[in-house]
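Asker: What follows is a predicted protein model with its sequence.
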Amino acid sequence: MNRPARRVRERAATDHDIRQTARTLLVEHGPESVTLRAIARELGITAPALYRYYGSRDDLVEHLRRDVIADLGDQLAAEVGELPDDAALQLFAICRGFRRWALTHTKEFTLVFASPTGGVGSAAGSVATLKQVTEPFGRAFLRAAGHVLVAHELATPADDIVPPELHDDLAAYRDDLLSAATEAGLRVPEGRLTLGTTYLMMQFWARLYGHVTLEVFGNYPIPVSKPDVLFDAMLADLAREIGLDAEPR
């Protein structure tokens, strides 16, 4: 390709083209395939031309993560929007929707929910934390959890059984829950959202995330012929543990 023609192609490449190409590479070949060189090759431009839009591959991947999360959040919001105003029903619909999306979008799930971005296990570096995925999927989950807090008095553990070393982290997570509830127009009764309640919600998310991750990567400890039944049983366990009388539907 001669230089004038290449310059025309480089000017024609847009941020949308770049992210669309990155998304295609992700879906077809996995997160490791998303490189500036590969994207430039697909667009027929030089890799340095991409630096006008992104400072590094990590910068591009972060924007790609946000695109994936936005799509997931929009999809789940649309599904929940068609449901009755039932707090538990909506919360468990989000749980099922998250699992269904993860099983049908395994490459995107891997990028967003199973790729470390910092220190192992750290709040700032683990994409499994709701803090890391608050926009907008995490917010949808937190809003649904807040709705449950308003509508139901949960069977929560006393604050004094929560390890003291976790109090600061749980207090920050409690602030996230309250913020999400407020944004959704919900008023959590005073004293309802204790550290014990927050601890319960954190465990709820960890159980859901862990189960879905095991299923996506085929890491169940035993062969499971009916994974839908196992997932529904796990949701029923969670419903009982948090004190919801009705079985999740």
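Answerer: In hand now; what should we look at?
Asker: Please make it C-alpha for all contacts and neighbour counts, starting now.
Answerer: Noted.
Asker: after the lowest-mean-pLDDT helix or strand in the chain, next one along is what?
Answerer: Every helix and strand in the chain was compared by mean pLDDT, DSSP states H and E; the lowest is helix 3-12, with a mean of 49. The first helix or strand that comes after helix 3-12 along the chain, using DSSP states H and E, is helix 15-29.
Asker: Can you name the element that comes right after that next one?
Answerer: helix 36-43.
Asker: quick one, that following helix and helix 15-29 angle?
Answerer: Inter-element angle recorded for helix 36-43 and helix 15-29: 100 degrees (by axes from the mean of the first three to the mean of the last three CA atoms, to 10 degrees).
Asker: looking just at contacts, which helices and strands does helix 36-43 meet?
Answerer: With contacts taken as 3 or more CA pairs under 8 Å, 6 or more residues apart in numbering; DSSP states H and E, helix 36-43 sits against helix 15-29.
Asker: For the helix it packs on, which helices and strands make contact with it?
Answerer: Contacts defined by 3+ CA pairs under 8 Å, 6+ apart place helix 15-29 against helix 36-43, helix 57-81, helix 106-113.
Asker: CA-only coordinates of the next helix or strand after the longest one, as PDB, when you get a sec.
Answerer: Stepping forward along the backbone from helix 57-81, the first helix or strand reached (DSSP H and E) is helix 87-104. Extracted C-alpha coordinates of helix 87-104, given in PDB (Å, rounded to 0.1, in the frame of the first residue of the first chain):
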ATOM      1  CA  ALA A  87     -38.000  -7.600  44.700                       C
ATOM      2  CA  ALA A  88     -37.000 -11.200  45.000                       C
ATOM      3  CA  LEU A  89     -38.200 -12.100  41.600                       C
ATOM      4  CA  GLN A  90     -36.100  -9.400  40.000                       C
ATOM      5  CA  LEU A  91     -33.000 -10.200  42.000                       C
ATOM      6  CA  PHE A  92     -33.100 -13.900  41.000                       C
ATOM      7  CA  ALA A  93     -33.900 -13.000  37.400                       C
ATOM      8  CA  ILE A  94     -30.700 -11.000  37.300                       C
ATOM      9  CA  CYS A  95     -28.900 -14.000  38.800                       C
ATOM     10  CA  ARG A  96     -30.300 -16.300  36.000                       C
ATOM     11  CA  GLY A  97     -29.700 -13.700  33.400                       C
ATOM     12  CA  PHE A  98     -26.100 -13.300  34.400                       C
ATOM     13  CA  ARG A  99     -25.500 -17.100  34.200                       C
ATOM     14  CA  ARG A 100     -27.300 -17.300  30.800                       C
ATOM     15  CA  TRP A 101     -25.100 -14.500  29.400                       C
ATOM     16  CA  ALA A 102     -21.900 -16.000  30.800                       C
ATOM     17  CA  LEU A 103     -22.600 -19.300  29.200                       C
ATOM     18  CA  THR A 104     -23.400 -17.800  25.800                       C
END
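Asker: That concludes my questions; thank you for your assistance.
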